[in-house]
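with the sequence up front, the predicted model follows.
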Amino acid sequence: MPRPLSAKAREKAIIAAQEVIALDGIEGFTVDAVAKRSGVAKTTIYRHFSSGNELLIHAVDCMVQPFSTPNTGSLVGDIDAFMRMVLPILDDHAMRRTMVGVMAASISDPALNRVHQEMMEERMIPIKTILELAQGRGELDPELDLNLALDFVEGPFFFRKLVRQDALDDGQIRVLAEMIAGGLRALSAQTDPAR
């Protein structure tokens with residue numbers, strides 16, 4: 001009879017895999033590096049995961065932490081609070097590198113693409129809720145296309161942090177939140193002349 005799989009070895013391999021991703025990026029990920037870092041034999045790792053890619057996907061999947069939804073009572077306040085919540089993650093070099101690596105690798109890897117899409121959906125839940133709360137308060141048109149609005153909320157913030165890789169101080173975060181909220185309210189006013 002085969003020995004039962006060790007939950008402790010599996011956990012050690014996943015933690016080591018996340019550390020390898022953080023240090024070497026998606027492109028530098030190997031089962032050899034995970035085995036060396038974790039002290040778990042490669043044969044044991046392959047008993048838990050059918051391939052290195054399965055381990056990589058599982059490790060990335062476990063890195064996704066859901067964000068809470070701010071509810072300050074205003075659209076500007078909620079966007080501001082959300083950006084402040086996400087900022088420490090985007091300021092972390094290893095996490096930024098992982099996010100960009102997953103995006104790049106997901107173009108040609110269907111399994112990683114699935115993880116990337118799930119990460120995106122998970123990350124979008126608080127923003128969607130923020131927009132729905134604003135609709136409920138009458139700040140935004142109830143017919144507003146939420147999918148486009150989600151992109152509008154995220155776009156400037158993530159462009160600044162991931163593409164330009166520029167810092168955002170407290171004042172800039174507030175101004176950016178006001179600009180985003182102002183743009184969404186202006187769009188709502190165009191679609192509903194009564195606003």
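In hand now; what should we look at?

would you report the backbone torsion angles of Leu144?
phi -60, psi 130 (degrees, to the nearest 10).

now it, nearest residue through space, not along the chain?
Ser188 (6.1 Å; C-beta to C-beta, 6 or more residues apart in numbering). In this view, the C-beta of every residue, glycine as well, is placed from N, C-alpha and C.

ok, that neighbour - contacts?
Each residue near Ser188 by C-beta atoms under 8 Å, 6 or more residues apart in numbering is listed here: 139-141, 144, 195.

list the buried residues of the top helix by length along the chain.
Looking across the chain with DSSP state H, the single longest helix is helix 110-137. Neighbour-count burial for helix 110-137, counted by 16 or more other C-beta atoms under 10 Å, picks out 112, 115-116, 119, 123-124, 126-131, 133-135.

give me the helices and strands touching the helix or strand following it, please.
Downstream of helix 110-137, the first helix or strand assigned by DSSP states H and E is helix 146-158. When contacts are defined as 3 or more C-beta pairs under 8 Å, 6 or more residues apart in numbering; DSSP states H and E, helix 146-158 sits against helix 75-91, helix 110-137, helix 170-191.

among those, which is nearest Ser38?
Shortest distance between Ser38 and those, using C-beta to C-beta, is found for helix 110-137: 20.9 Å.

packing partners for the closest one?
Using 3+ C-beta pairs under 8 Å, 6+ apart: helix 110-137 touches helix 52-63, helix 75-91, helix 93-106, helix 146-158.

show the average pLDDT along the second one.
Helix 75-91 carries an average pLDDT of 93.

tell me which other helices or strands it touches.
In this structure, helix 75-91 makes packing contacts with helix 110-137, helix 146-158, helix 170-191, judged by 3+ C-beta pairs under 8 Å, 6+ apart.
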